[in-house]
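K.L.:
I would like the atomic coordinates for the input below:
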Amino acid sequence: MIEVKEAPQRAVLFGTDRPENQLWGEQPLEELSRLAETAGAEVIGRVVQHLRRIDPHTYIGSGKAEEIKALIESEKADLAIFDHELSPSQARNLEELFGVQVLDRTELILDIFARHARTTEAKLQVELAQLEYLLPRLKNMWVHLSRIRGGIGLRGPGETQLETDRRLIQKQISVYKQKLQKIANHHVLKLGNREGAFNIALVGYTNAGKSSLLAALTGCEVLVRDQLFSTLDTTTRKLALSGGHSVLLTDTVGFISRLPHQLVASFKATLEELTLADHLLVVVDISNPHFSERIQVVNHVLDEIGAGEVERTLVFNKVDLVKDQEVVFQTAENHPGAVFTSAVSGDNGLRHLTEHLSRLIENQDAEFSIDLPPQEGRLLASFYRLGQVLERSLHDGVFSLRVRMSKPLALRLLRNTRYSGQITFLGR
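P.N.:
Residues are numbered from 1 along each chain as shown. You can find the predicted model right below:
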C-alpha cells in the first residue's frame, strides 16, 4: 500500500504498447495516471516502451530499466508504478535496481480499494484480495529481506518462518472467506425480503456517475466524488414511479479495464447483487471519447460474474459535458432504446429515464403455467400474494396453475428450485 505522508509520493509511470496493455487509443498511461492520483501520488514522469519481448527478470529489459532509474534519480521520485502485473521476482529486481518502492497495476488498484473501504464488508473483501495477492509473493519477499540482512538463502530458520507466515496467511484467508460467506447468506436473505419489488442495479465503468444518478433520482444522500472507485459498497433506495409503481435502485462498485481477478473473487458477495437483479441500468459516461470500449469492458465483467443474461438498458450520462451534439445523435442512432441524461443538470433526461422505468414495469407482466405439488405451499402463496392466479386445478396430487405476474419476479421466485425449468410462458 502507498504510505501516507504529508507530501504525496512522487511517482514515475511505466507502460508498454503491447496490445494487451493498450486502452483503445487513449494517451499512453492516461488511466494509470488517474489511478495514481486517486491513490494520492503525484505523477512526475512517464515512460512508454515499444516492447517486443517480456524480460523474465525485469519485464522491461536492462537498458530501459537503467533509463527509468536515471529518471527516478533526476526527478527525486520515490515510487515507480507499472501498468501491468509484475511477477514477484520482477518486482523485487526492479526495487533493488531503482532503490524505491515498485507497484504494479493490481497493487495500485488494491491500494485504492483499501483507501475507500468504509464498511466492515468492504474492508474484509479488500483485505482478502490483498492477502491472495500477497501469498504467492511471500518467498520472493523473504529472499529480498535475507539479502538486505546479509543472510544466505532461506535455509534453516528462514524456511521455517516462511512456512509459518504462509500458514498464517492461508488461515486468515480462510477466516475472511467464512465471514464473507455469512455476509453473502445475509445478502440472499435481504434480497428474499424484497421479493415483491422490482430490483434494478446501476452498473458501469468507474466514475461514470452511478452514485450521482442514484442521488438525482431518489433524492438520497450518497457519497459522490470525481474519483475512481469512490463507491465500494452497495446502496439501495426506493424510487416511486407514475401509476403507483416503484422500484428498488442499487448502486454498485464500478468496473475498470483489467480488473484484478482477486477483487472480482473477493467482491463476490457484493457483485452477486447484479446476478440477482431484475434489470440493469448500464451507466455510461458519454463525455469520455472511449465510452464504446468501456461498454465492452462492462459487458465482459458482467459475463464473468454470471450476470450476462440479465436484461439491461444503456443510460448515457453526462450529456451536459458533450461539446459536439453530433456525438449524442450518432450514439442514439447506434443504440436504439438507450436513455440520455445528466445526473448533474437534470434537464429532461431524468424525466425520460423515470418514464422508461415506468414502461419497463408495465411491460413485465406475463402469463405462465406451472405444475406444483401441494407441499410447495410457500411458493403457491407467493404466486397468490404477488400475482394473479387465473386458473388452478388438481390432477394426480399436483396443482396445475395459470398465473399472471411480473416475469422477472416469477423467475426470481423459482430461482434455485427444481421447478425453474418447468415454467411455460404463454405471452402477455
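
K.L.:
where are the low-confidence patches of the stretch 201-350 of the chain?
P.N.:
The model of the stretch 201-350 of the chain has pLDDT under 70 over residues 222-232, 269, 346-347.

K.L.:
For it, which segments are assigned as helices?
P.N.:
Shown for the stretch 201-350 of the chain, the helices assigned by DSSP state H, counting those that start in this stretch span residues 210-218, 261-266, 268-275, 291-304, 325-334, 349-362.

K.L.:
Residue 174: which of those is closest?
P.N.:
For these, the distance to residue 174 is smallest for helix 261-266, at 13.2 Å, taking CB to CB. For the C-beta atoms, the positions are set from N, CA and C on the backbone; glycine is no exception.

K.L.:
measure residue 112 to residue 283 for me?
P.N.:
Between residue 112 and residue 283 the computed distance is 20 Å (CB to CB, to the nearest Å).

K.L.:
quick one: which of those two has more around it?
P.N.:
Using other CB atoms under 10 Å, the more surrounded residue of residue 112 and residue 283 is residue 283, with 28 against 25.

K.L.:
which residues does the residue positioned nearest the centre of the chain bridge with?
P.N.:
Among the residues of the chain, the one closest to the centroid is residue 255, at 4.0 Å (CA atoms, centre = their mean). In this entry, residue 255 is beta-bridged to residue 205, by DSSP bridges.

K.L.:
hang on, the earlier thing: single out the most deeply packed of the helices of the stretch 201-350 of the chain.
P.N.:
Among these, the stretch with the highest mean neighbour count (mean count of other CB atoms under 10 Å) is helix 210-218, at a mean of 23.

K.L.:
Any idea how far it is from the middle of the chain?
P.N.:
Between the centre of helix 210-218 and the centre of its chain there are 18 Å (CA atoms, centre = their mean, to the nearest Å).

K.L.:
residue contacts, residue 271?
P.N.:
Applying CB atoms under 8 Å, 6 or more residues apart in numbering to residue 271 gives the contacts 252-253, 264, 305, 307.

K.L.:
still on that earlier bit, surely the residue nearest to the centre of the chain touches residue 295?
P.N.:
No: under the criterion of CB atoms under 8 Å, residue 255 makes no contact with residue 295, lying 10.4 Å away.

K.L.:
got the CA coordinates for stretch 239-257 in CSV?
P.N.:
Output of stretch 239-257 as CSV, limited to C-alpha atoms (Å, rounded to 0.1, in the frame of the first residue of the first chain):
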residue,chain,number,x,y,z
LEU,A,239,-37.8,5.1,-6.4
ALA,A,240,-41.5,6.0,-6.8
LEU,A,241,-42.8,6.0,-10.4
SER,A,242,-46.0,7.0,-12.0
GLY,A,243,-49.0,4.7,-12.0
GLY,A,244,-48.4,3.7,-8.4
HIS,A,245,-45.3,1.7,-9.4
SER,A,246,-42.0,1.7,-7.5
VAL,A,247,-38.6,0.1,-7.9
LEU,A,248,-35.5,-0.5,-5.8
LEU,A,249,-32.4,1.1,-7.2
THR,A,250,-29.0,-0.3,-6.1
ASP,A,251,-25.7,1.5,-6.7
THR,A,252,-22.7,-0.9,-7.1
VAL,A,253,-18.9,-0.8,-7.4
GLY,A,254,-17.5,0.4,-10.7
PHE,A,255,-15.6,-1.7,-13.2
ILE,A,256,-12.3,-1.0,-14.9
SER,A,257,-10.2,-2.5,-17.7
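
K.L.:
now the helices of the stretch 201-350 of the chain as a markdown table including distance to residue 52?
P.N.:
Shown next, in a markdown table, are the helices of the stretch 201-350 of the chain (distance: least, CB to CB, whole Å):
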| stretch | distance to residue 52 |
| --- | --- |
| helix 210-218 | 40 |
| helix 261-266 | 26 |
| helix 268-275 | 37 |
| helix 291-304 | 25 |
| helix 325-334 | 36 |
| helix 349-362 | 47 |
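
K.L.:
Nearest to residue 417 among the ones you listed would be which one?
P.N.:
Across those, the minimum distance to residue 417, taken as CB to CB, is reached by helix 268-275, at 16.3 Å.

K.L.:
now the closest one against helix 291-304, angle please.
P.N.:
110 degrees (axes from the mean of the first three to the mean of the last three CA atoms, to 10 degrees).

K.L.:
hmm, back to that, just the contacts of residue 271 now: which is nearest residue 343?
P.N.:
Residue 343 lies nearest to residue 252 out of these, by CB to CB, at 15.6 Å.

K.L.:
Roughly how far does the closest one sit from residue 215?
P.N.:
Distance of residue 252 to residue 215, computed by CB to CB: 15 Å.

K.L.:
Residue 339 too?
P.N.:
17 Å.

K.L.:
Following the chain onward from the one helix or strand residue 81 maps to, which element is next?
P.N.:
Using DSSP states H and E, residue 81 falls within strand 79-82. Moving toward the C-terminus from strand 79-82, the next helix or strand (DSSP H and E) is helix 88-98.

K.L.:
Cool, thanks, talk later.
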